[in-house]
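Colleague: Quick one, what's the 3D model for this:
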Amino acid sequence: QVQLVESGGGLVQAGGSLRLSCAASVRTFSLYAMGWFRQAPGKGREFVATISKSGTTYYADSMNGRSTVSRDNAKNTVYLQMNSLKPEDSAVYYCAGGFRTATVSSDYPYWGQGTQVTVSS
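Modeller: Alright, predicted model coming up:
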C-alpha cells in the first residue's frame, strides 16, 4: 500500500510561486512513476506533470515552462515547483503514484488527498 501526502498549497498572488511536495510512505519509492494532477471546481481532473523513476519529465502544455517536477528518492518525495502562477491555476492539486509515466489519471493507482492552491488576481 502506497500512501501519499501533499503539502505546500496555499494562497498566492498572480505571478507568484509555490512549491508543492508529496511524501510517499513506501520503501520502494524509486520504482514508482509519479504524477501531478489538478482539479478545479466543476471540472475534471487535469494532468499537470509527470516524472519517471529515472527522472524523465513531461508537462501539460498549460504548465510547460512555468513548472518543474522533481523527485528526491532519498526522501521519498516528489515536488512540483510552479512559477508565474495565474488565477486559472487555482485548483486542488493531487500527486499520484503508478508503475509507468502517464497523463491519464486512471493509470495511477495511488493518490494523495490533495492540497488547495488559490491564485488571486
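Colleague: count of residues packed around the nearest residue to residue 77 once chain neighbours are set aside?
Modeller: What sits nearest to residue 77 in space, not counting adjacent residues and going by Cβ to Cβ, 6 or more residues apart in numbering, is residue 23, at 5.1 Å. Heads up, the C-betas are built off the backbone N, CA and C, glycines and all. When neighbours are defined as other Cβ atoms under 10 Å, residue 23 has 16 of them.
Colleague: what's residue 23 in contact with, if anything?
Modeller: 4, 5, 7, 75, 76, 77 (Cβ atoms under 8 Å, 6 or more residues apart in numbering).
Colleague: Dig out what it forms beta bridges with.
Modeller: Judged by DSSP bridges, the bridge partners of residue 23 are residue 5, residue 77.
Colleague: Need the pLDDT of it.
Modeller: For residue 23, the pLDDT comes out at 98.
Colleague: Now do it against residue 63, distance only.
Modeller: 21 Å (Cβ to Cβ, to the nearest Å).
Colleague: Make CSV from the contacts of residue 23 and add neighbour count and pLDDT to it.
Modeller: Formatted as CSV, these follow (neighbours: other Cβ atoms under 10 Å; pLDDT from 0 to 100):
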residue, neighbour count, pLDDT
4, 23, 97
5, 14, 98
7, 13, 97
75, 12, 96
76, 19, 97
77, 18, 98
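Colleague: which one of these is nearest residue 110?
Modeller: Of all the contacts of residue 23, residue 110 sits closest to residue 4, with 5.9 Å by Cβ to Cβ.
Colleague: I appreciate the help and will end here.
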